[in-house]
Structures are given as structure tokens and as C-alpha cells.
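# Predicted model follows, preceded by the sequence.
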Amino acid sequence: MTQQVLVRLVLPDSAPLPSAYAEADRSQAVADLLAGNRFDPPGLEPGPYALHLCLRDGRLVFDIRTPDDIPLHALVLALGPFRRLIKDYAMVVQSHEQAVREGAAEARIQAIDMGRRGLHNEGATLLSERLDGRIVLDFETARRLFTLVCAMHQRI
């Protein structure tokens, strides 16, 4: 039986993220994504797949490959529709880090976290919409990929 999943994810090697919190968020997103996902690009040979994900010239590149790294298809999305969400997400994450560092009240930290989750969900929905007809994802896969897009954007 074929699996329409990602079994390997390759991200660009570059400078570390701006904080340990951001690095942990990225690492957790990768681990969760590889532990369980749905990734089904119609028209390609059945999976599983490897994904090389990067930002290039203001675009998000999904370089879909076999697990043995044989290229199958590259899909490019403009980042423009994501920019506001990426910026807002980075600001909320920064606010969350600051609140934790300052020992803010638990209610404040939870409120910030709720805002972060809302932006995260909005980003996942937008990513799913932009990939509609090109890659079928479940919601959790889209959320984790959005986290990785935000992390890559912080490194620019």
C-alpha cells in the first residue's frame, strides 16, 4: 500500500533563528510533521515523498522528490499573500517570548498564545487554499508547514 506522506524534509542550511524559542518551535514542527502528515500531490507517482522546502526570490518552493532524492516536481508559490500573516506571527511569538521572560501573568501568556494559534490556523488555511488542486494536505500538516515558512522567513 502506498503512503501519501512526507518521510523526509530538507530545509535550507543558514543562520540560526533569532531565539532558542524559535529554534525549538521549528524543530518541533519538523518532528511533528514527520511523525504524522498527509501530503498528496495529484498526478505524481504514489508516495512516500521527500520535500525540499525553501524560499527563493520571494517565493516559497516545494521541491517534491522520492525518498531517494529523485526530483519529481517543483511547485512555486508567491509569498505576497503570506507576508502579513508571517509578520504578525513573528510579532506574536516575540510578545510570547517576552511575556514568559518577564514572568507575566499566566492569563496574559495564554491570551498571547491564543492569538498565536489563531494566526497559525489562518496561515494553515491560506496555505491549503494556495495549494488547492496541487497538493492535498490535512490541517495539521498545513499548520506545521506554515510554522516552517515563518521560521525560514525569519532567517532572511
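Noted; the coordinates are in hand. Numbering: from 1, shown residues only.

# Residue 114 versus the residue lying farthest from the centre of the chain, what's the distance?
Each residue of the chain has a distance to the centre, and by CA atoms, centre = their mean the biggest one is for residue 105: 29.2 Å. To residue 114, residue 105 is 14 Å away according to CB to CB, to the nearest Å. From N, CA and C alone the C-beta is placed, and that goes for glycine too.

# So for the helix of greatest length in the chain, what gets flagged as buried?
Assignment by DSSP state H gives helix 106-130 as the longest helix of the chain. By 16 or more other CB atoms under 10 Å, the buried positions in helix 106-130 come out as 109, 112-113, 115-116, 119-120, 123-124, 126-128, 130.

# ok, these vs residue 65, which is closest?
Closest approach between the buried residues of helix 106-130 and residue 65, by CB to CB: residue 127, at 19.7 Å.

# The nearest residue to the closest one once chain neighbours are set aside: how many residues sit nearby?
Once flanking residues are discounted, residue 127 sits nearest to residue 142: 4.9 Å by CB to CB, 6 or more residues apart in numbering. Residue 142 has 24 neighbouring residues, counting by other CB atoms under 10 Å.

# Taking helix 106-130 as reference, get the angle to the host helix or strand of residue 142.
For residue 142, the host element (DSSP states H and E) is helix 139-154. Calculated by axes from the mean of the first three to the mean of the last three CA atoms, to 10 degrees, helix 139-154 forms an angle of 100 degrees with helix 106-130.

# so where do the helices sit in the protein?
Using DSSP H, helices in the chain cover 20-35, 83-101, 106-130, 139-154.
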